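K.L.:
following is a predicted model, sequence given first.
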Amino acid sequence: MKMKKVTAMGMAVLMAATMIPAVPAMADDAGKVYYLNFKPEQDEDWQNLAKEYTEETGTEVTVVTAASGQYETTLQSEMAKSDAPTLFQVNGPVGLKNWKDYCYDLKDSDIYSQLTSDSYSLKDGDAVDGIAYVIESYGLIVNKTLLEKAGYTLDDIKSFDDLKKVADDIQSKKDDLGIKGAFTSAGMDGSSDWRFKTHLANLPIYYEYKEDGIDDTDAIKGTYLDNYKNVFDLYITDSTCDGSELSAKTADDSRNEFVNGEAVFYQNGSWEYSELSKTFKDDELAMIPIYFGVDDANEGLATGTENYWCVNKNASEADVKATLDFMNWCVTSEAGTKSMAEDMGFTIPFKTAEAPSNVFVKQDAEYTEAGLTPVSWNFTTMPSEEWKNTLGSALTAYAAGSGSWDDVKSAFVDNWATEKALSE
Amino acid sequence: MVGKTIKKWWPIFVVPTLAAFIIGFLWPFIWGIYLSFCKFTTVQDVTFVGFSNYQKILLDNTFSHAFWLTVAFAFISSILINVLAFAIALALTKGFKGTNAFRTVFFMPNLIGGIVLGYIWQTLLNGLLSKWGQPLLALSAKNGFIGMLILLCWQQIGYMMIIYVAGLNNVSPDLIEAAQIDGATSRQILFKIKLPMIMPSVTICTFLTLTNGFKMFDQNLSLTGGDPAKQSQLLALNIYDTFYARSGPQWKGIGQAKAVVFFILVVAIALIQLKATSSKEVQQ
Amino acid sequence: MENNKKKSIIPTIILTILSLLWIYPIILILLNSLKKESAITTTGVFELPLGEIWNGFTNYVASVTQMDFLKSFWYSLVISVMSVVLILLCCSMCAWYIVRVNGVLSKILYYLFIFSMVVPFQMVMFTLAKTADTLKLNTPYNICIIYLGFGAGLAVFMFTGFVKGIPLEIEEAALIDGCNPLQVFFKILIPILKPTIISTAILQLMWVWNDYLLPTLVLDIKKFRTIPMAVQYFRGSFGHVQMGPMMASIMIDIIPIVIVYLVCQKYIIEGVVAGAVKG
C-alpha cells in the first residue's frame, strides 16, 4: 500500500517536472503568421505593418529580424523548430537550392497573379517557390552640392577614367573643400562588407557572364578582375581613412561620413534613400552607375532583387493560408503598399504598387529610358555565403596592406570552383 | 538500513533528476551520435549515409586548422593562467596589506559572461592596436589569437588564484618553519615543499583551464568571430559555424560528425591530464 | 619587523598597479557608455567623455527602451533563479540516493553524470534544441528543466562528494524515530549540506546567467531574449551597430553582477574553493 503511495507521489513530481510545459497552447485554428525578415533596415516598419494587420484582421503576425549577418544561422535554427517561420526569405537560385524542399508552391496564390512580370518569380521546374517583393538598385550615390563645389557636374563623369580623374582631384584638394575624402570609408565590418564582397563583386561576374553568354557557371574565370581591382583601389586610396582602419568601419560610419558632408561618393543602394532624405533634399542627391571600364557608355545602375518570399510548406494549412493572405494584403491593400513604398522606400513588382517617392528609383527608370542597360544582379549565383565571406576577408587584408591582390584573386576564382563543387 | 529504507523512494529522489537528465543530455547525446552518420536539414528529412560525414571532415581544411589552433590555444592559455595565478596567489599569501581587496578585484572578471567579455576586449584591443598602427583583431589572426589569450587570462586568473590561495593556506606553517631551520632557501621551500603540497590544486586548475580552453565559444564568437577568414576560429565555433551558418543539407551531418570528434578529443585530454597530474600528488 | 614592512611596499605597489589594470577594461566601457555615438570609434575610445561628446545617460535610456532590456533582465533573472533552485533540490536528493543506496543503478547513474560533465555543448546543441522544442520547454518559465538536465552532472558530482563524508548514524536515528526519508532529507540532510548548496548554487548561477548559446537555440526567440542575447542583437538588428546603447547594455549587465558579488563575496569565494576541492 505504502509503495503505491510513494510511486504515486513520485509520478506527481515527475509530472510536475516534465508535463507543465506540455499543457497545450490555445487551439489555434485561426492560423498565425511568423515572418523571419532579412532586411534589418526595415525592421521597425515591418513591426508596425504587422501590428496594423493584426488590428485590422485579428490575425496574429510575428516579425523577427535576424541580427545582421545572421539570417542563415537564425533561419536554420528556427526551421528546425516545430513553431517554424511560415514566411521566410531566400536570396535567389542558390539560396533556393537549400530550401526548395520546404517551399510551398505559390502557383495558385493571389500574390503570384499580382506580379508584374514572371521574371520576378523563382521557379523550381513548374513550381513557383519564391516571389520577389522588392526591386532595388545600387550604384554610386553622389553629393551633388559637394561635387559642384569641387568644380564638377555629373556630366563630367561618364566613364571609369572620368571618375578616377575627378576623384583623384577631389582627394588632392580635400582640405580646401573641407572634406575627409572623395569616397566614404569602404568599411569591412560585417554590417558593411557586403557592399564590396557582394555588390561590387557582381560587376566582374556580370560582364563575364555577358561576354560568355551564360547566366551561371561552375568555374569563374575572373576575366574582369583587374577592373574590380581598379575600382576597389580607387575606393581605398581616395578614402576618408587609412586602409588599415577599414576592418572596423561599420555601415554607420560610412553613412555618417556621407551625411556629414565629409565625402562626395558613397557606394550603396536605393534602400538608403529613407535615411539620406532626412538630411538631403532630393535635388542634392544622385546615383550614378559604378563605372567599371568595360562598357561604360551603356552601363546603367545595378538593378534586381535578392529578396524572395517563400512560404513554409510544412506549416499547418491554417498558417499557410494566413500567411498567403498577409502577403497579398501587404502588396495590394492601401496601408500595405503605402508602407512599403514610403516607409520602407521599396519598389515592389506588383500591379497595385504605389509610385515610390525614392529619387534613386526614379533615376533608375530615367537611365533605362535613356537606353542604358541595367546591370543584372548575378550575385544570386555566387556559390555560397562562405564564398562571399572568404572574398570579404581577402579584400579586408588587401585594403590593410597585410594581404596581396593574388589572395583576392584566389578567393574569387579558386574558391568559386571549390564552393560550387561542395554545393552539388 | 538507510539504504534499504530509501531504496523504494526512488520515484521521488531519482526520477525528477533522471527524467530531466534524459531530456537534457542523454537522449540528445545518443541522437547526436546517430545523426553524425546522417544527412539532414531538419529532423524531417534524415537519411543515413554511414561514415561519409567523417570522411568529409578530413577534406575540410578549416577543421584541421581549427583543431591545431585549439590545441595550441588550450595548452598555452592553461600554462599562462596557472603560472600567473600561482604567482599572484603566492604574493597574496605573504600577508601584505589589502590582500582581500586585491583578491576581490582579481576575481571579478570571472563573473562576467563570455559574450560581454568579448565585446569589452574588442573595444579596448582595437583601440590600442589602431593607436599603435597595428592591424586590428579582425585583420590579423595573430592579434586575434593573442587577444583571446589575454581575454581568457583576465577572466580566469582570479578563479584559479583563489583555488591556489586555499591550497597554499593549507600548507602547514610548521613544515615551512622546520625547513627554514634546516637552512632551506626560499626557492627550495617553494619547489620542494609548497608546490608538491598543493598538487591537488594544480590538478584541478589544469583540468579546469584545459577544458575551458578547449570548449571556449562565446569569447571567440564575440571577440573575433573567427576573422580573418576563419583563421582565429576555435573548434567549438568551427562546429557551430558548420552547423548553422553553412547552408545545404550536407553540412549539418558534417557539423555533427565534427562535434563527435571534438567530444572524443575533450574526453581523451581530460582523462590523460587527470592521470598525469594525479600521479604526482602527495598523499596527505 | 622594520625590514618586513619595507619589503612589503614594493609588492603592494605592484599589486595595486596590477589591480588597476585589471579593472581598467570595465572603466573604459563605463566611460564610453557616457559618450555620443559618433565619438565611440576605434581611434577615439580612449578619449574621456567630456565637452562635446558627453552624452549623459542617453545611451542607457536608449538601451532600456529600444531593446526592452528590462524584459531581458527579467527573463535572465527568472531563468537563473528557477534553474538553480531546481538543480539544488533535485540533484541533492538524487545524490543522497546514489550514495546511500548501493546498487548497479546508482553506480551507472553516478558515472553517467560524471561523463556528462566533460561533453562539450556543441555535441548536443541541435538535438537538445529539437527535444526542447518538441516538449515545448522553450519559455523562460520551463527552460529550467533543460538546465536541470544539462547541469545535473556537476551538481550531483559535488553533492555526492559531500554526502559520502556524512556519518550514517544521524540518519539512522531519525528513521528509527519514525521519520520518513523525505523528512530525514529536509530536516537533517539539508542543514548539513548547506555549504555545498551555496557553492553549487554559485557555480550554477554564474553559468546560467551568462549562458548564451543554449538559450539562443532553445528559447522561443519570437518572444524571449536573455541579456547575453540582447547584447548580441545590438550588433545590427536595426541595420547598424549601435555602439552607444551597446556599451550601456554591457554596463547594465555588469552592474548587478558586481553588486551581488561585493555583497556575497565571502560565500562566492568560499564556494569556488569548496567546489574545486570537491571537484
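P.N.:
Yes, it's here. What you see is a predicted model; the values in this text were computed from it and never measured. Numbers count the residues shown, from 1 in each chain, chains lettered A, B, ... in the order given.
K.L.:
next up, the contacts around A:Gly261.
P.N.:
Applying Cβ atoms under 8 Å, 6 or more residues apart in numbering or on different chains to A:Gly261 gives the contacts A:143, A:145-146, A:178-179. For glycine as for every other residue, the C-beta is placed from the backbone atoms N, C-alpha and C.
K.L.:
put the buried members of these into a ChimeraX selection.
P.N.:
This is the ChimeraX syntax for the buried subset of the contacts of A:Gly261, where burial follows 16 or more other Cβ atoms under 10 Å in any protein chain shown:
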select /A:143,146,179
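K.L.:
from the contacts of A:Gly261, which ones fall inside strands?
P.N.:
A:Asn143 (DSSP state E).
K.L.:
so where's the chain uncertain?
P.N.:
Let's take chain A. Within chain A, the stretches with pLDDT under 70 are A:1-29, A:68, A:424.
K.L.:
look at chain B instead
P.N.:
Chain B contains residues with pLDDT under 70 at B:1, B:277-284.
K.L.:
which residue ranges form the strands in it?
P.N.:
B:38-39, B:47-48.
K.L.:
give me whichever of those strands is most buried.
P.N.:
Greatest average neighbour count among the strands of chain B goes to strand B:38-39 (a mean of 20), per mean count of other Cβ atoms under 10 Å in any protein chain shown.
K.L.:
roughly how far is it from the heart of the chain?
P.N.:
Distance, stretch centre to chain centre, for strand B:38-39: 30 Å (Cα atoms, centre = their mean, to the nearest Å).
K.L.:
with stretch B:158-176 instead?
P.N.:
23 Å.
K.L.:
can you tell if that stretch touches chain C?
P.N.:
Yes: contact of stretch B:158-176 with chain C (Cβ under 8 Å from any Cβ of the partner chain) involves B:159, B:162-163, B:166.
K.L.:
distance to chain A added to the strands of chain B, as CSV?
P.N.:
Output for the strands of chain B, formatted as CSV (distance: least, Cβ to the nearest Cβ, whole Å):
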stretch, distance to chain A
strand B:38-39, 12
strand B:47-48, 12
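K.L.:
restricted to buried residues, select the residues of stretch B:158-176 next to chain C in ChimeraX.
P.N.:
Applied in ChimeraX, the following selects the buried portion of these according to 16+ other Cβ under 10 Å:
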select /B:159,162,163,166
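K.L.:
residues contacting A:Asn256?
P.N.:
With contact taken as Cβ under 8 Å, 6+ apart, A:Asn256 is in contact with C:Ser38.
K.L.:
just to revisit the earlier point, just put the strands of chain B in TSV and tack on distance to A:Leu395.
P.N.:
Below are the strands of chain B laid out as TSV (distance: least, Cβ to Cβ, whole Å):
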stretch	distance to A:Leu395
strand B:38-39	33
strand B:47-48	38
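K.L.:
hmm, the helix or strand containing C:Leu30 in reach of chain A?
P.N.:
Using DSSP states H and E, the element containing C:Leu30 is helix C:2-33. No: applying Cβ under 8 Å from any Cβ, one finds helix C:2-33 separated from chain A by no less than 14.3 Å.
K.L.:
picking up where we left off before, how about the residues of stretch B:158-176 next to chain C, which pair is most distant?
P.N.:
Farthest-apart pair in these is B:Tyr159 and B:Ala166; separation 11.7 Å (Cβ to Cβ).
K.L.:
how's chain B carved up into domains?
P.N.:
Per automatic domain parsing, the structural domains of chain B span B:2-35, B:53-278.
K.L.:
which residues of the stretch 51-200 of chain A lie near chain B?
P.N.:
By Cβ under 8 Å from any Cβ, the residues of the stretch 51-200 of chain A that approach chain B are A:72-73, A:76-77, A:79-80, A:95, A:97-99, A:101-102, A:188-190.
K.L.:
highest neighbour count among those?
P.N.:
Neighbour counts for these peak at A:Met188, which has 32 neighbours (criterion: other Cβ atoms under 10 Å in any protein chain shown).
K.L.:
which ones are touching the nearest residue to that one once chain neighbours are set aside?
P.N.:
Of all residues not flanking A:Met188 in the chain, A:Thr396 sits nearest, at 4.1 Å (Cβ to Cβ, 6 or more residues apart in numbering or on different chains). For A:Thr396, the contacting residues are A:188, A:193, A:246-247, A:403, B:138-139, B:227-228, by Cβ under 8 Å, 6+ apart.
K.L.:
equivalent analysis for A:Ala263, please.
P.N.:
Listed by Cβ under 8 Å, 6+ apart, the contact set of A:Ala263 reads A:143, A:179-184, A:240, A:257.
K.L.:
same thing but 7 Å
P.N.:
A:Ala263 sits next to A:179-184, A:240, A:257 when contact means Cβ atoms under 7 Å, 6 or more residues apart in numbering or on different chains.
K.L.:
from chain B, how far out is C:Leu182?
P.N.:
According to Cβ to the nearest Cβ, to the nearest Å, C:Leu182 stands 7 Å off from chain B.
K.L.:
show me what from the stretch 101-250 of chain C comes close to chain B.
P.N.:
Applying Cβ under 7 Å from any Cβ of the partner chain, we find that the stretch 101-250 of chain C lies next to chain B at C:101-102, C:116, C:118-120, C:122-124, C:126-128, C:130-131, C:135, C:145-146, C:148-150, C:152, C:168, C:171-172, C:175, C:181-182, C:206, C:210, C:212-213, C:228, C:231-232, C:250.
K.L.:
filter these down to the buried ones, PyMOL style.
P.N.:
This is how PyMOL selects the buried members of these, with burial counted by 16+ other Cβ under 10 Å:
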select buried, chain C and resi 101+116+118+119+120+122+123+124+126+127+128+130+131+135+145+146+148+149+150+152+171+175+181+206+210+212+213+228+231+232+250
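K.L.:
domain boundaries for chain C, per the record?
P.N.:
Per the record, chain C has its domains at C:2-63, C:67-233, by automatic domain parsing.
K.L.:
could you point out which of the ones you listed sits nearest B:Lys215?
P.N.:
Taking Cβ to Cβ, domain C:67-233 is the member of the domains of chain C nearest to B:Lys215, at 5.0 Å.
K.L.:
measure the closest one end to end?
P.N.:
9 Å (Cα to Cα, to the nearest Å).
K.L.:
strands of the chain, start to end?
P.N.:
All of this is about chain A. Assigned by DSSP E, chain A shows strands spanning A:33-37, A:61-65, A:87-90, A:121-124, A:127-132, A:136-143, A:181-183, A:263-269, A:285-288, A:299-304, A:308-311, A:373-375.
K.L.:
actually, chain C is the one I wanted.
P.N.:
In chain C, no strands are defined using DSSP E.
K.L.:
can you tell me the centre-most residue of it?
P.N.:
Closest to where the C-alpha atoms of chain C average out (Cα atoms, centre = their mean) is C:Met206, at 1.6 Å.
K.L.:
list the contacts of the closest residue to that residue other than its chain neighbours.
P.N.:
Leaving aside its chain neighbours, C:Met206 sits nearest to B:Leu111 (6.1 Å; criterion: Cβ to Cβ, 6+ apart). Contacts for B:Leu111 were tallied using Cβ under 7 Å, 6+ apart; they are C:206, C:257, C:261.
K.L.:
any idea which of those residues is least confident?
P.N.:
Of all the contacts of B:Leu111, C:Ile257 has the smallest pLDDT value, namely 83.
K.L.:
correct me, but that one touches B:Ile112?
P.N.:
Yes: with contact defined as Cβ atoms under 7 Å, C:Ile257 counts as touching B:Ile112 (6.4 Å).
K.L.:
higher neighbour count, these two?
P.N.:
Neighbour totals were compared for C:Ile257 and B:Ile112, and B:Ile112 leads with 23 against 19 (other Cβ under 10 Å).
K.L.:
circling back to that earlier point, any of the contacts of A:Thr396 buried? List them.
P.N.:
Taking 16+ other Cβ under 10 Å as the criterion, what is buried in these is A:188, A:193, A:246-247, A:403, B:138-139, B:227-228.
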